[in-house]
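> give me a model of this one.
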Amino acid sequence: MTGQSDLRIRAMRPAEIAIAADWAAAEGWNPGLADAACFATVDPQGFFIGELDGEPVATISCVNYDARFSFLGFYIVRPDLRGRGYGLRIWNAAIAHAQTRVIGLDGVVAQQENYRKSGFRLAYANVRYGGTIAAPPAPAGAVALTDIPFADQGDADRGGDLPLREVIPATADDLDAYWSGLLSDYESVEHISPFDPDRALPVCDGQALPRAQAVNGIAYCGETRTIAYDRRLLPDVFDRSGDFGVAVVIAAEWAVAMQQDREVTGDPKSLELQQSCFTGSWAGDVVRGGHDPDGQGLTLSAGDLDEAIQSFLIFRDSDKISAGTGAAAFENVDAFRTGFFQGEQSCVDLVPVS
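As a prediction, the model looks like this:
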């Protein structure tokens, strides 16, 4: 077990604010896509992160608007580490940052009593309304994504999920059909293989994969045309986001193979976003039946697109985000959406030709 004394609290670096936004989305909150950047402009030192052994475990913000007022938010402790006092410690750090200012916050109902114990009082209530906006008539040939049906009764009984043992080969076959239709000189990925990082690290292009990248990780090894993954990764993604979550993780790594084959170069973040975009263009083509006009290949079931979004929230590299070389979940979701609706050329345009 880890003691509270090991918790390190510091101000977030600008790129790390995306971690707090991603965690908030995973909690079901709805921060605006540009909200965090606006708050950080006002008070760059107002976002805090708590770390254990370099891993983020807690976040909070307390943004000083002026000499009299601050606003507190993004108060989140990683679910598996709650109840150990980390939240209180990072809370106290944020309160200290505000000094003598009045602090405002949106208090979730379940925490209001705790806020009162810290000296807060209810100022007013928020009422949120939800509804459906009437959309204009859909263009001819458009697919109603909210109406994707189950393929059959068996599909419905499984909640739309293939068994995990069938997901990987079905995804590989469909990606082959998609990419071979795009590239005249297409070469397939030959293997999708698990490894156990506790026993041996996979060798990619003559070098062992760094352990930090291997644990719960996935990588394309060009020398053997293999997608290698920690044996625990895809079962975990399947349990948390379903079959299409697994398919999305594989499809993104397949896009890495295509980038390497065509010697696409660029900064790491742009390359990652292009991978997510191509994953979206493939998913859109699945829905439209573009590379499978007879309907004999992969099909999407109700909820699959939600699973794709969940996989981006689950599978992100916090270290790369912190260093500014990795894309945040929201950015990957946006790239996926771009590819889904606008197709392959929009993905090619994400990495400028050097």
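
> longest helix in this structure, please.
Looking across the chain with DSSP state H, the single longest helix is helix 233-261.

> what mean pLDDT does that helix have?
In this model, helix 233-261 has a mean pLDDT of 90.

> and if you look at stretch 123-133?
Model confidence over stretch 123-133 averages 78 on the pLDDT scale.

> show residues contacting it.
Stretch 123-133 is contacted by residues Gly104, Asp106 when judged by CB atoms under 8 Å, 6 or more residues apart in numbering. Heads up, the C-betas are built off the backbone N, CA and C, glycines and all.

> from the chain's centroid, how far away is that stretch?
In terms of CA atoms, centre = their mean, to the nearest Å, the centre of stretch 123-133 is found 27 Å from the chain centre.

> what of stretch 233-251?
Using CA atoms, centre = their mean, the mean C-alpha position of stretch 233-251 is found 12 Å from that of the whole chain.

> break this structure into its domains for me.
Using automatic domain parsing, the domains assigned to the chain come out as 4-117, 145-348.

> possible to save these as a markdown table with distance to Ala123?
As requested, the domains of the chain are arranged in a markdown table below (distance: least, CB to CB, whole Å):
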| stretch | distance to Ala123 |
| --- | --- |
| domain 4-117 | 7 |
| domain 145-348 | 30 |
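
> same for the longest helix of the chain, what does it pack against?
Counting contacts by 3 or more CB pairs under 8 Å, 6 or more residues apart in numbering; DSSP states H and E, helix 233-261 packs against helix 164-182, strand 218-221, strand 226-230, helix 268-288, helix 304-314.

> give me the buried positions along stretch 190-209.
Of the residues in stretch 190-209, those with enough neighbours to count as buried (16 or more other CB atoms under 10 Å) are Ile192, Phe195, Pro197, Leu201, Pro202, Cys204, Leu209.

> convert it to CSV, retaining C-alpha atoms only.
Written as CSV, here are the backbone C-alpha positions of stretch 190-209 (Å, rounded to 0.1, in the frame of the first residue of the first chain):
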residue,chain,number,x,y,z
GLU,A,190,0.6,-10.4,-40.3
HIS,A,191,0.2,-11.0,-36.6
ILE,A,192,-1.7,-9.6,-33.6
SER,A,193,0.1,-11.3,-30.7
PRO,A,194,-0.2,-11.0,-26.9
PHE,A,195,2.9,-10.9,-24.6
ASP,A,196,3.4,-11.0,-20.9
PRO,A,197,5.6,-8.1,-19.8
ASP,A,198,6.4,-9.9,-16.5
ARG,A,199,8.2,-12.6,-18.4
ALA,A,200,9.6,-11.1,-21.6
LEU,A,201,9.3,-7.8,-23.4
PRO,A,202,8.6,-7.9,-27.2
VAL,A,203,11.3,-7.0,-29.6
CYS,A,204,10.3,-4.4,-32.1
ASP,A,205,12.6,-3.5,-34.9
GLY,A,206,15.7,-5.0,-33.2
GLN,A,207,15.1,-3.5,-29.7
ALA,A,208,13.1,-4.6,-26.7
LEU,A,209,10.1,-2.4,-26.1
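
> please renumber so the chain begins at 815
Renumbered: residue one is now 815, and that last one reads stretch 1004-1023.

> rewinding a little: the longest helix of the chain to helix 1082-1102, inter-axis angle?
The directions of helix 1047-1075 and helix 1082-1102 differ by 110 degrees, with axes from the mean of the first three to the mean of the last three CA atoms, to 10 degrees as the criterion.

> quick one, phi/psi of Val941?
Backbone torsions for Val941, taken as degrees, to the nearest 10, come to phi -120, psi 120.

> and if you look at the one 4 residues further on?
Taking degrees, to the nearest 10, you get phi -170, psi -180 for the backbone angles of Gly945.

> and the domains of the chain, which is most packed in?
The highest mean neighbour count among the domains of the chain, using mean count of other CB atoms under 10 Å, belongs to domain 959-1162: a mean of 18.

> for Val981, give me its contacts.
Val981 neighbours (CB under 8 Å, 6+ apart): Leu1048, Phe1052, Asp1057, Val1060, Ala1061.

> mind putting these into JSON lines with distance to Tyr879?
As requested, the contacts of Val981 are arranged in JSON lines below (distance: CB to CB, whole Å):
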{"residue": "Leu1048", "distance to Tyr879": "45"}
{"residue": "Phe1052", "distance to Tyr879": "44"}
{"residue": "Asp1057", "distance to Tyr879": "46"}
{"residue": "Val1060", "distance to Tyr879": "44"}
{"residue": "Ala1061", "distance to Tyr879": "45"}
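
> for these, which one is nearest Trp993?
Lowest distance from Trp993 to those (CB to CB) belongs to Ala1061, with 14.2 Å.

> wait, the closest one touches Ala986, no?
No: counting by CB atoms under 8 Å, Ala986 is not a contact partner of Ala1061; they are 9.6 Å apart.
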